[in-house]
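> compute the structure for the input listed below.
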Amino acid sequence: MSKNDDLRSKSADELQKELIELRRAQFSLRMQIATQSLTKNSEIARVRRQIARVNTFMTQQKAKGAAK
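Just a heads-up that it's a prediction; the model follows:
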């Protein structure tokens with residue numbers, strides 16, 4: 001199952017929880033940058049893209065709900 005299929009199957013509440021978890025991870029990575037302890041710089045971009053992906057699916061669900 002791909003990342004997108006996994007997100008499509010989640011409810012709005014689950015997506016919101018996922019978003020909060022990703023934002024916490026993003027904050028943690030920013031703190032690691034500040035303390036110069038980050039070893040994988042690619043993690044920052046990966047988390048940022050995942051946040052955008054979750055936001056996109058949340059917007060799509062809202063649009064579907066409004067269209068019905």
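> which residue sits closest to the residue nearest to the spatial centre of the chain in space, ignoring its chain neighbours?
Closest residue to the average C-alpha location of the chain: Ile51 at 2.7 Å, with C-alpha atoms, centre = their mean. Leaving aside its sequence neighbours, Ile51 sits nearest to Leu22 (C-beta to C-beta, 6 or more residues apart in numbering; 4.9 Å). C-beta coordinates here come from the backbone N, C-alpha and C atoms, glycine included.
> next, that neighbour: secondary structure please.
Assigned with DSSP: H, G, I helix; E, B strand; the rest coil, Leu22 falls in the helix class.
> show me which helix runs longest in this structure.
When the chain is scanned for its longest helix (criterion: DSSP state H), the result is helix 42-67.
> any regions of this protein where pLDDT drops low?
Along the chain, the model assigns pLDDT under 70 to residues 1-2, 68.
> any idea how far the residue nearest to Ile51 lies from Ala34?
Distance of Leu22 to Ala34, given as C-beta to C-beta, to the nearest Å: 19 Å.
> have a look at those two and say which one is more surrounded.
Using other C-beta atoms under 10 Å as the criterion, Leu22 and Ala34 rank with Leu22 on top: 20 against 9.
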